[in-house]
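1. with the sequence up front, the predicted model follows.
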Amino acid sequence: MSNTVIKVDNISKYYRLGVVNTGTLKDDLRLRMAKMRGKEADFYKIGEDRSTDSDFMWALNDVSFEVKQGEVLGIVGKNGAGKSTLLKILSRVTAPTSGNIKVKGRIASLLEVGTGFHPELTGRENIFLNGAILGMSKQEIKSKFDEIVDFSGVERYIDTPVKRYSSGMYVRLAFAVAAHLEPEILIVDEVLAVGDAEFQAKCLGKMKDVSGQGRTVLFVSHSMAAVKKLCTRAIVLKKGKITLDSDVISGIEDYLNTGVGVSDEGIIPDNASSYTTGDAKFKSIVVKNKKNERTNTLYYEQGFTVELELELYRDVEKAIIDFSIGNFENRFSYTSTFDINKNPVDLKKGTYTLSIDIDPKLLPGNYNFYLGVHDMSKTGLTLDLVERIKLITVLPITENNSVRYPLEVSLGSIRIDGNWKINKQL
């Protein structure tokens, strides 16, 4: 239809891990000839099962959808689902392995901090550079210049090379440029997480204004509250495929239901890690109330204890183990073993039991847990990461059955002082 501004038709993106080409001159030539004919090379067909071959990966596999003018499309999914790859293809940063894309209008993308900025140029020069890339005249850019600088809040540093900007200043100016230079399509990845809470709220408001002017927004975020507030439609990606294309509430619910389930004994499945080096493995997790009873249901304002079992397959000299709780509104409580003595802990190879006493005032709702163990002696190398463990529900009543209707919590996160105990099993 005439109001369709993006049409994605059977897009796939294929990567051979560890190399930048097929590995042989013969296959490079076959791939080049296949692309010239508009066909796929016959040595890697879409749909081919390569689950046992770690050298190959489909980041996207046969993805199709359309976006109408003025729509705000939320793209959600776990880490590694293909969200950023899709946005890079739409932004023409990388080309698809197969499939076609039709785009009607100018695209401004904010995929990572400093996208499109030259580090040696000043903030002022980068504004004009980005405007020129978008096809705007110098006069058009000048008419928007003061508004961009005011929104970004970096007026004092506008004539300083952006390589000297902090990450927060970088993203403020980058978003201001992308949003104010009047692209027909605005693409925003999770980069807004770099900004502070005030700036995030400001950005959401600006994107709402942009969509209200008839322009189109594609928005990737792990903040379901932001997706709910901003988007009119949602696409859920899982392992490079679209599993749901629906209204935003249905999309959020589908995404939230993809968390890791544990057994009745609290055993974490072997394939639960969203990332692992194989050097560590979270084995189990249980929640206990103040009566030392295992439970999946807590009362409002009720403290609890989380008990973990962690297996280390090598010595880790400077380890940090972290634990987070998050709900639909993306209100996160965070603590780590760093709270013990403000230093990483030395852990030998073996099995550890950990307990965390927590007493936050969690709002009523369903909560997911996030676990991570990191080797800080190797620049923060993550050894094992388990996200979105579906575990507890907080009831809207207190232990003495009084009903509570707490006020809605704003976006953001809090750090809690968890009382950690670490014991090594013999």
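-> Thanks, I have the structure now. Residues are numbered from 1 along each chain as shown.

2. ok, which stretches of the stretch 151-300 of the chain are strands?
-> Listed from the start of the chain, the stretch 151-300 of the chain has strands (DSSP state E, counting those that start in this stretch) covering 185-188, 216-220, 233-238, 241-246, 275-276, 280-288, 297-298.

3. turn those into TSV, including mean neighbour count, distance to Phe304 and mean pLDDT.
-> The C-beta positions use only the backbone N, C-alpha and C, and glycine is treated the same way. Compiled in TSV, the strands of the stretch 151-300 of the chain are given as follows (neighbours: other CB atoms under 10 Å; distance: least, CB to CB, whole Å; pLDDT from 0 to 100):
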stretch	mean neighbour count	distance to Phe304	mean pLDDT
strand 185-188	24	36	86
strand 216-220	24	33	88
strand 233-238	22	31	91
strand 241-246	16	33	91
strand 275-276	15	27	86
strand 280-288	20	6	94
strand 297-298	16	6	86
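
4. closest to Tyr370 out of these?
-> Closest approach to Tyr370 among the strands of the stretch 151-300 of the chain (CB to CB): strand 280-288, 10.6 Å.

5. re the thing from before, among the strands of the stretch 151-300 of the chain, which is nearest Ile268?
-> Among the strands of the stretch 151-300 of the chain, the nearest to Ile268 by CB to CB is strand 280-288 (5.5 Å).

6. hmm, who's touching the closest one?
-> Among residues not part of strand 280-288, those counted as contacts by CB atoms under 8 Å, 6 or more residues apart in numbering are 262, 265-268, 270, 272-273, 294-296, 298, 304-313, 316, 351, 369, 371, 373, 383-384, 386, 389, 391-392.

7. rewinding a little: so can I have TSV of the strands of the stretch 151-300 of the chain showing distance to Asp357?
-> As requested, the strands of the stretch 151-300 of the chain are exported to TSV (distance: least, CB to CB, whole Å):
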stretch	distance to Asp357
strand 185-188	39
strand 216-220	36
strand 233-238	35
strand 241-246	38
strand 275-276	27
strand 280-288	10
strand 297-298	14
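
8. which stretch among these approaches Ser84 most closely?
-> Closest to Ser84 of these is strand 216-220 (CB to CB; 7.0 Å).

9. ok, Asp359 to Ser333 distance?
-> Asp359 sits 10 Å away from Ser333 when distances are taken as CB to CB, to the nearest Å.

10. which of the strands of the stretch 151-300 of the chain sits closest to Val67?
-> strand 216-220 (5.9 Å).

11. C-alpha coordinates for that closest one, PDB please?
-> C-alpha atoms of strand 216-220 as PDB (Å, rounded to 0.1, in the frame of the first residue of the first chain):
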ATOM      1  CA  THR A 216       8.100   6.200  11.600                       C
ATOM      2  CA  VAL A 217      10.100   4.800  14.600                       C
ATOM      3  CA  LEU A 218      11.700   1.400  15.000                       C
ATOM      4  CA  PHE A 219      12.700   0.900  18.600                       C
ATOM      5  CA  VAL A 220      14.800  -1.900  20.200                       C
END
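
12. quick one: that strand to strand 233-238, angle?
-> With axes from the mean of the first three to the mean of the last three CA atoms, to 10 degrees as the basis, strand 216-220 and strand 233-238 are set at 40 degrees to each other.

13. hey, where'd the helices end up in the chain?
-> Shown for the chain, the helices assigned by DSSP state H span residues 25-36, 83-90, 123-133, 138-152, 167-180, 197-212, 224-230, 248-256, 338-341.

14. show me what the fifth one is packed against.
-> The criterion is 3 or more CB pairs under 8 Å, 6 or more residues apart in numbering; DSSP states H and E, and the helices and strands that helix 167-180 contacts are strand 107-110, helix 123-133, helix 138-152, strand 185-188, helix 197-212.

15. how about the ones you listed, which one is nearest Ser64?
-> Closest to Ser64 of these, according to CB to CB: strand 185-188, at 17.9 Å.

16. contacts for the closest one?
-> If you take CB under 8 Å, 6+ apart as the criterion, strand 185-188 is touched by 5-6, 87, 90-91, 103, 105-111, 175, 178-179, 203, 207, 210, 215-220.

17. list the strands paired with that strand, with their directions.
-> Take DSSP bridges as the rule and strand 185-188 pairs in its sheet with strand 107-110 (parallel), strand 216-220 (parallel).
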